[in-house]
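> Below are the sequence and a predicted model; questions follow.
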Amino acid sequence: MKAFEKNIRKVEPYVPGEQPQHKVIKLNTNENPYPPAPGVTRALEEMDTDRLRLYPDPTAGPLVEELARFYHVNPDQVFVGVGSDDVLSMCFLTFFNSEKPIYFPDITYSFYKVWADLYRIPYECQKLDENFRIVKEDYYKENGGVIFPNPNAPTAIYEELDVVEDIIAHNQDVIVIVDEAYVDFAGRSVLELIDKYENLIVVQTFSKARSMAGMRIGYAISNPMLIKYLNDAKYSFNSYTMNQTSLICGVEAVKDRAYFEAAVHKIIETREWAKGELAKLGFHYLDSSANFIFAMHPKYDAKELFEALKANNIYVRYWGSERIEQYMRITIGTREEMEALFDFLRKYMNR
Ligand code: PMP
C-alpha cells in the first residue's frame, strides 16, 4: 500500500442493476414500461437549446412550484435533486450527524448502508420479522435517526400509516426519513402527516410512477426549516444539481395528473394479474404494493432461475444475500413482457 493510500476515503460502492445495451425484456431495475407524459416529448422537441449556454435556475423554481401545487404544500417545503438517490444522500449528510447509530431495516434499499459508510455515520440494522415486516418496537430505542422505504424494497411490502406514524412519533428527537419511491403503487402517503411531525422528511421520485428514471429527478417534502437545512447543504456541495432539460421536462411530467394516474393504474392491474400467474406456477411471493414482486419457488433454485432467464434475455434482479438467497425481484413490465416471462417459466418448468 502506498503511503498516501491511508488517507484516501475507501468505500464499498452501491451496485446498481444491470443496464444492458442490447434489447432485452427488462424487469430488473423497477423502471416504468410506459413512456413519460406526452408533454415531456413535446417539451424536448420544442426546447430552446440556446438556453443551454446559461446555468440553470439554482433554486429549480418552476419544478419546485409545480410539485408544491401537486402536493398542496408551499414551495419552501420542497427540495429537488438528481434522482431520489441524490436527495437521500443529501439527507444523510444533513440530518444524520449523531454519534448514536441511525436505524434502518436489515433487508432494505442497499444504498442506505453505502451512504452511512461514505459519510461515516454509525448505523444499526433492525431485523424484519419472519414475514419480512417492520417491527415498529425495534425503533423505540434511542438512535441517531431513522430511514426506511414504504413500500419497502426489495420486499414490496407496504406498512399502513399507523405503523409509520408510530415510528415517527417515537423518534421526535431525531429525523425520520420515509423513502416513498414506490408509494404511488401502494396506498396513503405519509405526506398527510407532514404538518403534524416536525421531524418527518418524505422522499419521492420521478423514476417509477412518472416514467423518468433516465431524467434523474427526485424530491423531498418536509417543513420549511428542514428544507432550508437541506438547501444549505446542497449549496455547499453543488449549486446547479438540476440541469435545464430536467427542469423543463419535470414540470411537464407533474402537470399531467391524468396520464400519471392511468400509467399507475395499468401497472397495478398487471401486477395483480401477475400475482395470480406466479401462484399458478407454484411461486411464493410477498404481497406486493409496489411495481415489482419479490418471489421464490420452493422447487427451483433462484440463482439458476435468474441465470436461465438472463440467458434468454429476460432480466430480473437477484442478490443472493443473507435471508433472501432464494428470492428474485421481478419488475412489473407491460402485459406482453410479463406474458413472455411466464411463457419462459412454463417451458423451463416443463423441461
Ligand atoms: N429508494 C428506493 C427504495 C429505491 O428502490 C430506489 C431505486 N433504485 C431509489 C430510492 C432511487 O431512485 P432514483 O434515484 O431513481 O430516484
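Received, thanks.

> Is the residue nearest the centre of the chain in a helix, a strand, or coil?
Residue closest to the average C-alpha location in the chain (C-alpha atoms, centre = their mean): residue 181, at 3.6 Å. Local secondary structure at residue 181 is given as coil here, using DSSP: H, G, I helix; E, B strand; the rest coil.

> Ignoring the adjacent residues along the chain, who's closest to it?
Closest residue in space to residue 181, ignoring its immediate chain neighbours: residue 205 at 5.0 Å, by C-beta to C-beta, 6 or more residues apart in numbering. C-beta coordinates here come from the backbone N, C-alpha and C atoms, glycine included.

> Please look at that neighbour and residue 216 and confirm they touch.
No. Applying C-beta atoms under 8 Å, one finds residue 205 not in contact with residue 216, separated by 9.3 Å.

> Those two - which one has more neighbours?
residue 205 (25 against 20; other C-beta atoms under 10 Å).

> distance of that one from residue 180?
Distance, residue 205 to residue 180, by C-beta to C-beta, to the nearest Å: 8 Å.

> Also residue 349?
36 Å.

> For those two, indicate the residue with more neighbours.
Shown here are residue 349 and residue 180; by other C-beta under 10 Å, residue 180 has more neighbours (23 against 13).

> Wait, that one touches residue 188, no?
No. With contact taken as C-beta under 8 Å, residue 180 and residue 188 are classed as non-touching, separated by 10.4 Å.

> intersection of neighbour lists for these two?
Common neighbours of residue 180 and residue 188, counting by C-beta atoms under 8 Å, 6 or more residues apart in numbering, are absent.

> tell me the secondary structure for residue 42?
Classification of residue 42 using three-state DSSP returns helix.

> Run a quick neighbour tally on the closest residue to it other than its chain neighbours.
Excluding its sequence neighbours, the residue lying closest to residue 42 (C-beta to C-beta, 6+ apart) is residue 252, at 7.3 Å. The number of residues packed near residue 252 is 20, by other C-beta under 10 Å.

> packing partners for the helix or strand hosting residue 252?
Using DSSP states H and E, residue 252 sits within helix 244-255. In terms of contacts (3 or more C-beta pairs under 8 Å, 6 or more residues apart in numbering; DSSP states H and E), helix 244-255 is packed against helix 38-45, helix 61-71.

> what's the next secondary structure element after the last one?
Pointing back at helix 61-71 there. Remark: after helix 61-71, the chain's next helix or strand is strand 78-81, criterion DSSP H and E.

> ok, that next one: who's next to it in the sheet?
Paired neighbours of strand 78-81 in the sheet (DSSP bridges): strand 218-221 (antiparallel).

> Is the partner strand positioned near the ligand?
Yes. Counting by C-beta under 6 Å from any ligand atom, the ligand has neighbours in strand 218-221: residue 218.

> Which residue, other than its chain neighbours, is closest to the residue in the stretch 1-150 of the chain that the ligand sits nearest to?
At 2.9 Å from the ligand, residue 83 is the closest residue in the stretch 1-150 of the chain, using C-beta to the nearest ligand atom. In space, residue 83 comes closest to residue 216 once its chain neighbours are excluded; the distance is 4.2 Å by C-beta to C-beta, 6+ apart.

> So which residues on the stretch 151-300 of the chain come close to the ligand?
Contact residues, the stretch 151-300 of the chain versus the ligand (C-beta under 6 Å from any ligand atom): 153, 179, 181, 205, 207, 213, 218.

> Let's have these in TSV, adding pLDDT.
Below are these laid out as TSV (pLDDT from 0 to 100):
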residue	pLDDT
153	97
179	98
181	98
205	98
207	98
213	98
218	98
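
> farthest pair in these?
Farthest pair in these (C-beta to C-beta) is 179 and 213. Separation: 15.6 Å.
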